[in-house]
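Q: Generate a structure from the sequence data that follows.
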Amino acid sequence: MKRLHEKLQATCLYAAGSSDRYLDSFLETYRDLESHGGHTSKPEAVGIFLDNIHNPDYVAWKTALKLNKLTLDEHVLQFRERADDINSSRTNRKRLRQHIRRLAGKRVTQSPDSDSEPETAAPKKV
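A: Below you'll find the model as predicted:
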(Lines give C-alpha, C1' and ligand atoms only; values in the text may rest on other atoms or scores of the structure.)
Protein backbone atom coordinates (compact mmCIF):
# COMPACT_ATOMS: atom_id res chain seq x y z
CA MET A 1 0.00 0.00 0.00
CA LYS A 2 2.82 2.38 0.78
CA ARG A 3 4.22 1.77 -2.70
CA LEU A 4 0.85 2.66 -4.27
CA HIS A 5 0.62 5.84 -2.21
CA GLU A 6 4.14 6.83 -3.30
CA LYS A 7 3.26 6.06 -6.92
CA LEU A 8 0.18 8.27 -6.63
CA GLN A 9 2.32 11.09 -5.23
CA ALA A 10 4.87 10.66 -8.05
CA THR A 11 2.39 10.66 -10.93
CA CYS A 12 2.74 14.09 -12.58
CA LEU A 13 1.81 15.97 -15.72
CA TYR A 14 4.56 18.16 -17.18
CA ALA A 15 4.49 20.40 -20.25
CA ALA A 16 5.72 17.66 -22.60
CA GLY A 17 3.52 14.97 -21.05
CA SER A 18 0.29 13.42 -22.23
CA SER A 19 -2.81 14.51 -20.34
CA ASP A 20 -4.51 11.19 -21.11
CA ARG A 21 -1.54 9.21 -19.80
CA TYR A 22 -1.47 11.31 -16.61
CA LEU A 23 -5.17 10.88 -16.00
CA ASP A 24 -5.15 7.14 -16.71
CA SER A 25 -2.12 6.54 -14.51
CA PHE A 26 -3.47 8.66 -11.65
CA LEU A 27 -6.93 7.06 -11.67
CA GLU A 28 -5.57 3.53 -12.00
CA THR A 29 -3.21 4.04 -9.07
CA TYR A 30 -5.91 5.73 -6.98
CA ARG A 31 -8.37 2.87 -7.60
CA ASP A 32 -5.71 0.28 -6.81
CA LEU A 33 -4.97 2.10 -3.57
CA GLU A 34 -8.67 2.21 -2.65
CA SER A 35 -9.19 -1.47 -3.46
CA HIS A 36 -6.30 -2.41 -1.16
CA GLY A 37 -7.74 -0.44 1.74
CA GLY A 38 -5.60 2.64 1.21
CA HIS A 39 -6.23 5.58 3.50
CA THR A 40 -6.21 8.41 0.97
CA SER A 41 -9.22 10.62 1.60
CA LYS A 42 -11.15 12.14 -1.29
CA PRO A 43 -10.01 15.71 -0.50
CA GLU A 44 -6.40 14.50 -0.24
CA ALA A 45 -6.74 12.72 -3.60
CA VAL A 46 -8.11 15.91 -5.19
CA GLY A 47 -5.18 17.87 -3.75
CA ILE A 48 -2.65 15.38 -5.09
CA PHE A 49 -4.40 15.31 -8.46
CA LEU A 50 -4.24 19.11 -8.85
CA ASP A 51 -0.82 19.62 -7.24
CA ASN A 52 0.81 17.08 -9.56
CA ILE A 53 -0.18 19.01 -12.69
CA HIS A 54 2.95 21.01 -13.57
CA ASN A 55 1.97 21.97 -17.13
CA PRO A 56 1.79 25.78 -17.54
CA ASP A 57 -1.30 25.42 -19.79
CA TYR A 58 -3.28 24.39 -16.70
CA VAL A 59 -2.19 27.08 -14.19
CA ALA A 60 -5.26 29.34 -14.41
CA TRP A 61 -7.55 26.32 -14.59
CA LYS A 62 -6.01 24.81 -11.44
CA THR A 63 -6.34 28.10 -9.56
CA ALA A 64 -10.02 28.36 -10.46
CA LEU A 65 -10.75 24.75 -9.53
CA LYS A 66 -8.99 24.99 -6.18
CA LEU A 67 -11.53 27.65 -5.21
CA ASN A 68 -14.41 25.23 -5.84
CA LYS A 69 -15.26 22.27 -3.66
CA LEU A 70 -15.67 19.60 -6.33
CA THR A 71 -15.41 15.84 -6.04
CA LEU A 72 -12.55 13.95 -7.66
CA ASP A 73 -14.91 12.80 -10.43
CA GLU A 74 -15.96 16.39 -11.13
CA HIS A 75 -12.31 17.45 -11.23
CA VAL A 76 -11.57 14.65 -13.68
CA LEU A 77 -14.42 15.80 -15.96
CA GLN A 78 -13.19 19.39 -15.81
CA PHE A 79 -9.65 18.19 -16.52
CA ARG A 80 -10.79 16.23 -19.58
CA GLU A 81 -12.59 19.31 -20.94
CA ARG A 82 -9.52 21.50 -20.39
CA ALA A 83 -7.23 18.89 -21.96
CA ASP A 84 -9.50 18.70 -25.02
CA ASP A 85 -9.40 22.51 -25.34
CA ILE A 86 -5.60 22.55 -25.06
CA ASN A 87 -5.16 19.71 -27.56
CA SER A 88 -7.55 21.41 -30.00
CA SER A 89 -5.63 24.70 -29.71
CA ARG A 90 -2.33 22.92 -30.30
CA THR A 91 -3.74 21.19 -33.37
CA ASN A 92 -5.08 24.47 -34.75
CA ARG A 93 -1.76 26.26 -34.16
CA LYS A 94 0.10 23.40 -35.88
CA ARG A 95 -2.21 23.57 -38.90
CA LEU A 96 -1.78 27.34 -39.08
CA ARG A 97 2.03 27.04 -38.97
CA GLN A 98 1.91 24.42 -41.74
CA HIS A 99 -0.33 26.65 -43.85
CA ILE A 100 1.98 29.64 -43.34
CA ARG A 101 5.00 27.54 -44.35
CA ARG A 102 3.19 26.43 -47.51
CA LEU A 103 2.29 30.03 -48.34
CA ALA A 104 5.84 31.18 -47.66
CA GLY A 105 7.07 28.59 -50.15
CA LYS A 106 5.10 30.32 -52.95
CA ARG A 107 5.41 33.85 -54.22
CA VAL A 108 3.13 35.95 -56.34
CA THR A 109 4.51 37.32 -59.61
CA GLN A 110 2.91 39.56 -62.26
CA SER A 111 3.17 38.31 -65.83
CA PRO A 112 5.01 40.94 -67.92
CA ASP A 113 2.83 40.26 -71.01
CA SER A 114 -0.60 40.80 -69.52
CA ASP A 115 -2.63 42.76 -67.05
CA SER A 116 -4.42 39.60 -65.95
CA GLU A 117 -4.37 37.84 -62.63
CA PRO A 118 -0.95 37.34 -61.04
CA GLU A 119 0.52 33.87 -61.32
CA THR A 120 1.82 31.85 -58.45
CA ALA A 121 5.33 30.53 -58.91
CA ALA A 122 7.59 28.58 -56.66
CA PRO A 123 10.68 30.49 -55.55
CA LYS A 124 13.84 29.77 -57.54
CA LYS A 125 16.58 27.98 -55.68
CA VAL A 126 20.08 29.26 -56.20
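
Q: shaky segments in this protein?
A: 107-126 (pLDDT under 70).

Q: again, only this time at 50
A: 110, 114, 116-117 (pLDDT under 50).

Q: how much space between residue 36 and residue 61?
A: 31 Å (CB to CB, to the nearest Å). Placement of C-beta: from N, CA and C, glycine included.

Q: more crowded one of those two?
A: Between residue 36 and residue 61, counted using other CB atoms under 10 Å, the more crowded position is residue 61 (19 against 10).

Q: For residue 53, grab phi and psi.
A: phi -90, psi 110 (degrees, to the nearest 10).

Q: can you pull the contacts of it?
A: 12-13, 22, 62, 79 (CB atoms under 8 Å, 6 or more residues apart in numbering).

Q: cutoff 10 Å now
A: For residue 53, the contacting residues are 12-14, 17, 19, 22, 26, 59, 61-62, 65, 79, 82, by CB atoms under 10 Å, 6 or more residues apart in numbering.

Q: and if you look at residue 10?
A: 25, 29, 52.
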